[in-house]
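Enquirer: Below are the sequence and a predicted model for it; my questions follow.
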Amino acid sequence: MIGKLTGIFGGVSVEGAALLDVNGVGYSVRAPLSLVESAKPGSTLSLYVHTAVRADAIELYGFLTEEELAFFKLLTGVSGLGPKSALSILNTADVAGLKRAIRAGDGSALHKIFGIGKKTAERIVLELRDKLGGSAGAQTPGTDAEVIEALTTLGYRLEESRDALRALGSEGISDVRVRLSAALKRLGRHSK
């Protein structure tokens, strides 16, 4: 099994996977969009890897941090949730925001993610809440998935949308409109 790959980023394959040249061997690694968008061709890239083996394919999923990989593995452990769906979830929101939503039992934040239905979102919360230390008194999550969806619809890149939300932190803002407005102000300051 492959646990980590370090090599030269060679761009993106036709299927949207990152191409990583490791000593002359080209690996096709599915990775979060933020990673693929921010990596520069020719740069050295080191990824923590999950190997998914199916009857008809062997696929690699790569992440910059062990925390992302561990959370990805937690997601793939949810019944009915495969690696492609887990990666889709990680493409939409950051790990910290997803963990907050799950701990707080907020399936609606996950339901907003493309390809994740209401029942699947509820199953993710049900199966992972205890593993993440969720409780009734958990912090109210921001609705980052909704904010990111709105920002990307407005034309902002996924990575800059996530950066704006990270910069906001939790700041006690849980209302979508208020959080979106604050993110837009932050993005507006950086574009000048």
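Expert: Nice, I can see it.

Enquirer: OK, contacts around the spatially most central residue of the chain?
Expert: Centroid-nearest residue in the chain, with Cα atoms, centre = their mean: residue 90, separated by 1.8 Å. With contact set as Cβ atoms under 8 Å, 6 or more residues apart in numbering, residue 90 has these partners: 32, 63, 68, 71-72, 75, 98. Just so you know, the C-beta spots here come from the backbone N, C-alpha and C atoms, and that holds for glycine as well.

Enquirer: nearest to residue 53, of the residues you listed?
Expert: Nearest to residue 53 among those, counting by Cβ to Cβ, is residue 72 at 15.4 Å.

Enquirer: Tell me, how many residues neighbour the closest residue to that closest one other than its chain neighbours?
Expert: Closest residue to residue 72 apart from its sequence neighbours, by Cβ to Cβ, 6 or more residues apart in numbering: residue 86 at 5.3 Å. Look at residue 86: counted by other Cβ atoms under 10 Å, it has 22 neighbours.

Enquirer: Residue 86 contacts residue 76, correct?
Expert: Yes - the criterion here is Cβ atoms under 8 Å, and residue 86 meets it with residue 76 at 4.9 Å.

Enquirer: Could I get the full set of helices for this protein?
Expert: In the chain, the helices defined using DSSP state H lie at 33-38, 66-76, 83-92, 95-103, 107-111, 118-128, 144-153, 158-168, 176-191.

Enquirer: per-residue pLDDT, the nearest residue in space to residue 186 that is not next to it in sequence?
Expert: Leaving aside its chain neighbours, residue 186 sits nearest to residue 164 (4.7 Å; criterion: Cβ to Cβ, 6+ apart). Confidence at residue 164, expressed as pLDDT, is 81.

Enquirer: do the same with residue 182
Expert: 83.

Enquirer: Then residue 80?
Expert: For residue 80, pLDDT reads 84.

Enquirer: ok, and for stretch 15-31, which residues are buried?
Expert: By 16 or more other Cβ atoms under 10 Å, the buried positions in stretch 15-31 come out as 17-20, 27-31.

Enquirer: Name the stretch among the helices of the chain that sits most buried.
Expert: Most buried of the helices of the chain, by mean neighbour count (mean count of other Cβ atoms under 10 Å): helix 95-103, with a mean of 23.

Enquirer: orientation of that helix relative to helix 66-76 in degrees?
Expert: 40 degrees (axes from the mean of the first three to the mean of the last three Cα atoms, to 10 degrees).

Enquirer: In PDB, please show the C-alpha coordinates belonging to helix 95-103.
Expert: C-alpha atoms of helix 95-103 as PDB (Å, rounded to 0.1, in the frame of the first residue of the first chain):
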ATOM      1  CA  VAL A  95     -12.100  19.800   7.600                       C
ATOM      2  CA  ALA A  96     -12.600  22.000  10.700                       C
ATOM      3  CA  GLY A  97     -15.900  23.400   9.400                       C
ATOM      4  CA  LEU A  98     -17.100  19.900   8.600                       C
ATOM      5  CA  LYS A  99     -16.100  18.600  12.000                       C
ATOM      6  CA  ARG A 100     -18.000  21.400  13.700                       C
ATOM      7  CA  ALA A 101     -21.100  20.700  11.600                       C
ATOM      8  CA  ILE A 102     -21.000  17.000  12.500                       C
ATOM      9  CA  ARG A 103     -20.300  17.500  16.200                       C
END
